[in-house]
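Trainee: here's my sequence, what's the structure:
(one chain, ligands or ions: 1)
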Amino acid sequence: MTDINSATVTAPARGQGEVILDLQNISLRFGGVKALTDISFNVREHEIRSIIGPNGAGKSSMLNVINGVYHPQEGRIHFRGEERRKMEPQVAAAQGIARTFQNIALFKGMSVLDNIMTGRNLKMKCNLFQHALFWGRAQKEEIEHRIKVEEVIDFLEIQGIRHTPVGRLPYGLQKRVELGRALAAEPELLLLDEPMAGMNVEEKQDMCRFILDVNDQFGTTIVLIEHDMGVVMDISDRVVVLDYGRKIGDGAPDEVKNNPDVIAAYLGTSH
Ligand SMILES: Nc1ncnc2c1ncn2[C@@H]1O[C@H](COP(=O)(O)OP(=O)(O)OP(=O)(O)O)[C@@H](O)[C@H]1O
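Mentor: Numbers count the residues shown, from 1 in each chain. Here you go, the predicted model:
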C-alpha cells in the first residue's frame with residue numbers, strides 16, 4: 001500500500017498487473033494429513049484473488065504458507081520475482097505481506113487506536129533504548145506513526161471509537177479494526193482470512209466497500225478467503241478453488257461458477 005494519505009495511486013488495471021506471487025506445486029502435510037497437494041496458482045499485482053472451497057479444503061493453510069507460518073514440504077514460492085526460502089512470518093511482514101485472521105486476533109483490553117498502532121511495529125526504527133537516549137528523535141517518529149494510524153482510522157470511518165477498548169465493540173467493528181491494523185503496516189499484499197464471517201448484511205456491505213477501496217485507492221493486492229459466494233463472485237478478479245487440499249478450479253468468477261468439479265464439490269457439502 002502506498003501513502004494512505006495520497007489520493008488514488010497509479011496501479012496497473014485490475015487483472016492486468018504482473019505476477020507478484022507465484023506458487024508452484026505446493027504440498028503441505030501434517031503427519032499423515034495432506035492439507036495441500038501439488039497446488040499451483042499465481043497472484044497478479046493489484047488484483048483481488050479469492051481462495052474458496054468447502055471446510056477443511058486447505059484455504060487457511062494456503063494463507064499460512066504465503067505468509068510464512070507454514071513451510072510446505074514441496075513446491076516453490078516466488079514473491080516479486082525472488083524465490084523464497086523458508087521464511088518466518090515477521091520476514092514476510094517486513095516484505096510487505098500483512099494478514100487478518102479467521103478468529104479475530106486483537107488485544108481486547110487495548111483501545112482501537114493502540115491496536116492499530118501495533119500494525120506499525122515493524123516500521124518503528126527507535127527501540128526502547130533509543131527512546132531513552134534520543135527522546136526528540138523517538139518523539140518525532142512516534143508522531144509520524146500516530147499520523148498514519150489516524151489516517152487509517154479516518155479511512156475506515158472509526159473515528160468515534162478510537163479510544164474504546166476493542167473487547168467492547170460489536171463483532172463487525174472488531175473485524176474492521178483488525179483490517180485497520182493490517183493496513184497500518186502499509187502492505188503490498190494483504191491476506192484476508194474470512195473478513196466477513198459472522199457479519200450481518202449491512203456489516204458485510206461495509207467490509208466489501210472497504211476492501212474494494214483499499215484495492216482501488218492504494219493499489220493493494222488482496223488475497224481473500226471467503227465463504228459468502230455472492231461476495232466472492234462480486235468482488236474477485238480471479239478465484240482459485242480448493243477441495244480436499246487439491247486445486248479443482250481457477251479462473252474468472254464466471255468460469256469458476258460453471259466449472260462442473262466446483263459445482264460437484266459444493267453440492268456435496270453443506271455450503
Ligand atoms: N496445524 C495443523 N495441524 C494439523 N492439521 C492441520 C493443521 N492446520 C490445518 N490442518 C488440517 O489441514 C486440513 C486443511 O485445513 P485448513 O484449516 O487449511 O482448511 P480450510 O479450508 O481453511 O477450512 P475452514 O473453511 O474450515 O476454515 C484440515 O484437514 C485440517 O485439519
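
Trainee: for the residue nearest to Q16 when sequence neighbours are not counted, name its beta-bridge partners.
Mentor: Nearest residue to Q16, sequence neighbours excluded (Cβ to Cβ, 6 or more residues apart in numbering): R44, at 7.3 Å. From N, CA and C alone the C-beta is placed, and that goes for glycine too. With DSSP bridges applied, R44 shows beta-bridge pairing to V19.

Trainee: R246 now?
Mentor: Under the criterion DSSP bridges, R246 forms beta bridges with D243.

Trainee: count the residues that sit near it.
Mentor: When neighbours are counted by other Cβ atoms under 10 Å, R246 registers 17.

Trainee: kindly provide the distance from it to the ligand.
Mentor: 11 Å (Cβ to the nearest ligand atom, to the nearest Å).

Trainee: correct me, but that residue touches D38?
Mentor: Yes - in terms of Cβ atoms under 8 Å, R246 counts as a neighbour of D38; the distance is 7.2 Å.

Trainee: now D154: how far from I104?
Mentor: Per Cβ to Cβ, to the nearest Å, D154 is found 22 Å from I104.

Trainee: which one of the two has more residues nearby?
Mentor: Set side by side, D154 and I104 give different neighbour counts by other Cβ under 10 Å, the larger being at I104 (16 against 13).

Trainee: so what's the more buried one up against?
Mentor: Contact analysis of I104 by Cβ atoms under 8 Å, 6 or more residues apart in numbering lists Y171, Q174, K175, E178.

Trainee: which SS state does it fall under?
Mentor: coil (DSSP: H, G, I helix; E, B strand; the rest coil).

Trainee: A strand includes K204, no?
Mentor: No - membership of K204 in a strand is not supported by three-state DSSP, which gives helix.

Trainee: my guess is it contacts D228. True?
Mentor: Yes - counting by Cβ under 8 Å, K204 sits close enough to D228 to count as a contact (6.8 Å).

Trainee: returning to what we had before: hmm, the residue nearest to Q16 is touching D22, no?
Mentor: No - applying Cβ under 8 Å as the test, R44 and D22 come out as separate, 10.0 Å apart.
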